[in-house]
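In: Predicted model and sequence below, questions to follow.
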Amino acid sequence: MFVGMNMIVYQLVNEYKGLSEVEAITLAGSGANGRKDNYSDIDIDIIVSKEIDNDRREQIIKKVSDYMEVGNDYWGDGDEFLLRSSDIQVDIAYFEMKWLKEQISNILDKNIACTGYSTCFWHNVKNAVIVYDRNGVFTELQKKCNTAYPEKLKSNTMKKNYPILRRSFSSYYNQIAKALMRNDLVSVNHRLAAFLASYFDILFAINEIPHPGEKKLIDIVENQCNIKPENFKENLNNLFIQGNDKILQNLNIIVDNLDVVLRKENIDI
């Protein structure tokens, strides 16, 4: 189970196992899904019944680190630190089991879609490497995640994300066009990021693949998605490289090519 795992991380897992609040511990991120590179952190998810106070978390981390941030809550409850005598960063995220089960139920039972990243928690649980599971609850949740992509979820993701690419009055395309007229580059960047979030959400839904998160998405689509728009990578590179003068032209090309895919797959939105 711990083959190839840094022994200090193994020590960490054993420390956290001793806390009564801890229900499960998993390896997450690139280390769990095979996309690790030289810049990857060690990501550990700790599933709890209730919050662990920062003092006890700090006591554990001090055994392996001198540089730490405990109790960060910018993107949810978590701790970040560097392993002693190393430049390896460890990111620990804490999730309450009840909350996590609700997220999976919203996705797989209720088929609720979001504007971007609709199925990320499904992907995370499905692909997590379980290193500790006190009562087998996380294992059962992971088994639930090993299921086919619900057709209603696929449809809901399309309906939630496709119109706001270009069709609706409040679409990202229209918002970007107005921001360009105002020369509001901050707004352009903000809306372009949202456009891409919805665009990738649609692509993963078309391919019936749970959304893998925010990193290396172009490569993931290229390597794992059988269904993708013509010149997918080239068109995105043009969007990033050619700048604001051609941004609307490139967005039109991207959406037009997506439309071709939707028609080919008989997806009517």
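Out: Yep, it's here.

In: And the helices in the stretch 151-269 of the chain?
Out: 151-161, 172-181, 185-206, 217-224, 232-241, 247-264 (DSSP state H, counting those that start in this stretch).

In: how big is the angle separating the second one from helix 185-206?
Out: Counting by axes from the mean of the first three to the mean of the last three Cα atoms, to 10 degrees, helix 172-181 points 160 degrees away from the direction of helix 185-206.

In: Can you report how many residues lie near the closest residue to residue 222 other than its chain neighbours?
Out: Nearest in space to residue 222, with sequence neighbours left out and distances taken as Cβ to Cβ, 6 or more residues apart in numbering, is residue 233 at 6.0 Å. C-beta: built from backbone N, CA, C; applies to glycine. Residue 233: 13 surrounding residues under other Cβ atoms under 10 Å.

In: Surely residue 233 and residue 220 touch.
Out: No - Residue 233 is beyond contact range of residue 220, at 11.4 Å (criterion: Cβ atoms under 8 Å).

In: follow-up on the earlier one: so how far is residue 218 from the residue nearest to residue 222?
Out: As judged by Cβ to Cβ, to the nearest Å, residue 233 and residue 218 stand 6 Å apart.

In: Give the intersection of the neighbour lists for these two.
Out: Taking Cβ atoms under 8 Å, 6 or more residues apart in numbering as the criterion, residue 233 and residue 218 do not both touch any residue.

In: Quick one: closest of the helices of the stretch 151-269 of the chain to residue 44.
Out: helix 217-224 (22.3 Å; Cβ to Cβ).

In: any idea which residue sits dead centre in the protein?
Out: When Cα atoms, centre = their mean is applied to the chain, the residue found nearest the centroid is residue 213 (2.2 Å).

In: tell me the SS of residue 23?
Out: What DSSP: H, G, I helix; E, B strand; the rest coil gives for residue 23 is strand.

In: neighbours around it, how many?
Out: 22.

In: per the record, what domains does this structure have?
Out: Domain assignment for the chain by automatic domain parsing gives 7-145, 151-264.

In: Confidence-wise, which of the ones you listed is weakest overall?
Out: Looking over the domains of the chain, mean pLDDT reaches its minimum on domain 7-145, with a mean of 92.

In: Lovely, talk soon.
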